[in-house]
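In: I'll drop the sequence and a predicted model, then ask my questions.
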There are 2 protein chains.
Amino acid sequence: MSNTSVRSIRRGDLARATGCNLETIRYYEKIGIMPDPPRSTKGYRSYDDAHVKRLKFVMRSRDLGFSLEEVRGLLGLVDDRSRTCAEVQIIAEDHLTDVQAKIADLQRIERVLSDTVARCTGDAAPECAVIDALLDA
Amino acid sequence: MSNTSVRSIRRGDLARATGCNLETIRYYEKIGIMPDPPRSTKGYRSYDDAHVKRLKFVMRSRDLGFSLEEVRGLLGLVDDRSRTCAEVQIIAEDHLTDVQAKIADLQRIERVLSDTVARCTGDAAPECAVIDALLDA
DNA sequence: TCTAGGGTCTGTAGTTGATACAGGCTCAAG
DNA sequence: CTTGAGCCTGTATCAACTACAGACCCTAGA
């Protein structure tokens, strides 16, 4: 077994290790997404591998569009492994439904926009199909 | 010609006529999206058909995903018709590009989510493909 | 005439998910 | 010993609203 585990890193190191913004780490701590880490004698935050892993989890979840409240729910399931796969599935499926609805909305918007832009003459005239569509719809 | 034009309506009526939230009207006034309306002797805001039309324009634009800054730009073109169709086209095309990028992002997210959820057993076990994917990716 | 209820007025605070900054410590290198 | 980087804290800012408190005002009914 390799023993590359990091004994103690500081906030800047955690930021670099995860790609997270420095200030965001403090924000996640404030709202309870990340735990209050131990401190050095001079008050510096001290993180380890478990923190790196947890923050990466949070960032991947956010990247997939889970809200912080949803991430909180997922973390609860990570922290308390006595809870079930079925609970996770429900959160993920709800979120998938949201994502699909957003895609449908954006596709409707895309249709309206591209139809309207296509009717643009694009010249110097003050008449404009986009403005007309917005004014008269 | 019909003469159904509304001489003077109040804020609540404007909200009902447009479907806009009551407080949002005041907010749009504060940030200059809607003009400061004339007031009654007792200080009540007094709106007319032009306000209804303008607010509907704003709401349709917002609904199509234009930011308030973009809406401000579009309104500038409505207010000053000496400006050109070409200017509108640029704003709309930029926005269309944004929308298309967002759709692509969401489709990537949808793929990851649905693949992961499909691997869920959905049972009472504490092992979970979603959590594992988020932890180990 | 009094009263009850709605509507409206103002300013201000809260929401989500961060990001930025000021002013002060601490730490390691040269 | 100094210099610069990094860290600490609290607070302000952003978009785009939404909500609330406390004070007016207006109309209808008894």
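Out: Yep, that arrived.

In: residues touching the spatially most central residue of chain A, list them.
Out: Note on chain A: the residue nearest the mean C-alpha position is residue A:62, at 2.0 Å, using C-alpha atoms, centre = their mean. Going by C-beta atoms under 8 Å, 6 or more residues apart in numbering or on different chains, residue A:62 touches A:68, A:71. Backbone N, C-alpha and C define where each C-beta goes, glycine included.

In: Mind listing what's buried along the helix or strand hosting it?
Out: Element membership for residue A:62 (DSSP states H and E) is helix A:49-63. By neighbour count with 16 or more other C-beta atoms under 10 Å in any protein chain shown, helix A:49-63 contains the buried residues A:51-52, A:54-62.

In: do stretch A:31-42 as well
Out: A:33-34, A:37.

In: Among those, which ones are in helices?
Out: Judged by DSSP state H, helices contain none of those.

In: Can you tell me which of these is nearest residue A:11?
Out: Nearest to residue A:11 out of the buried residues of stretch A:31-42 is residue A:37 (C-beta to C-beta; 8.6 Å).

In: Excluding chain neighbours, what is closest to the closest one?
Out: Using C-beta to C-beta, 6 or more residues apart in numbering or on different chains and skipping the chain neighbours, the partner closest in space to residue A:37 is residue A:45 (4.7 Å).

In: I'd say that neighbour and residue A:39 touch.
Out: Yes - using C-beta atoms under 8 Å, residue A:45 is in contact with residue A:39, at 6.2 Å.

In: quick one, domains of chain A?
Out: A:1-83, A:85-137 (automatic domain parsing).

In: Could you list every helix and strand that the longest helix along chain A packs against?
Out: Taking DSSP H as the criterion, chain A has its longest helix at helix A:85-118. Contact here means 3 or more C-beta pairs under 8 Å, 6 or more residues apart in numbering or on different chains; DSSP states H and E; on that basis helix A:85-118 packs against helix A:68-79, helix A:129-136, helix B:85-118, helix B:129-136.

In: any idea of the angle the first one forms with helix B:129-136?
Out: Angle of helix A:68-79 versus helix B:129-136, following axes from the mean of the first three to the mean of the last three C-alpha atoms, to 10 degrees, is 90 degrees.

In: Next, the buried residues of helix A:68-79.
Out: Neighbour-count burial for helix A:68-79 [16+ other C-beta under 10 Å]: A:70-71, A:73-75, A:77-78.

In: Likewise for the last one?
Out: Under the neighbour-count criterion of 16+ other C-beta under 10 Å, helix B:129-136 has B:129-131, B:133-134 buried.

In: now the angle from it to helix A:85-118?
Out: 80 degrees.

In: Contacts for helix B:129-136, please.
Out: For helix B:129-136, contacts defined as C-beta under 8 Å, 6+ apart pick out A:53, A:57, A:60-61, A:74, A:77-78, A:85, A:88-89, A:92, B:112, B:116-117, B:119-121.

In: and it with DNA strand C, contact?
Out: No - applying C-beta under 7 Å from any atom of the strand, one finds helix B:129-136 separated from DNA strand C by no less than 14.5 Å.

In: So what's the gap between that helix and the chain middle?
Out: When C-alpha coordinates are averaged (C-alpha atoms, centre = their mean, to the nearest Å), helix B:129-136 and its chain have centres 35 Å apart.

In: what is the rounded mean pLDDT of that helix?
Out: For helix B:129-136, mean pLDDT is 75.

In: residues contacting residue A:56?
Out: Residue A:56 touches residue A:18, counting by C-beta under 8 Å, 6+ apart.

In: And it, how far from residue B:77?
Out: Distance, residue A:56 to residue B:77, by C-beta to C-beta, to the nearest Å: 46 Å.

In: Please name the residues that touch residue A:63.
Out: So residue A:63 contacts nothing (C-beta under 8 Å, 6+ apart).

In: What separation do you get for it and residue B:109?
Out: Taking C-beta to C-beta, one finds residue A:63 at 8 Å from residue B:109.

In: Same question for residue A:114.
Out: On the measure of C-beta to C-beta, residue A:114 and residue B:109 end up 23 Å apart.
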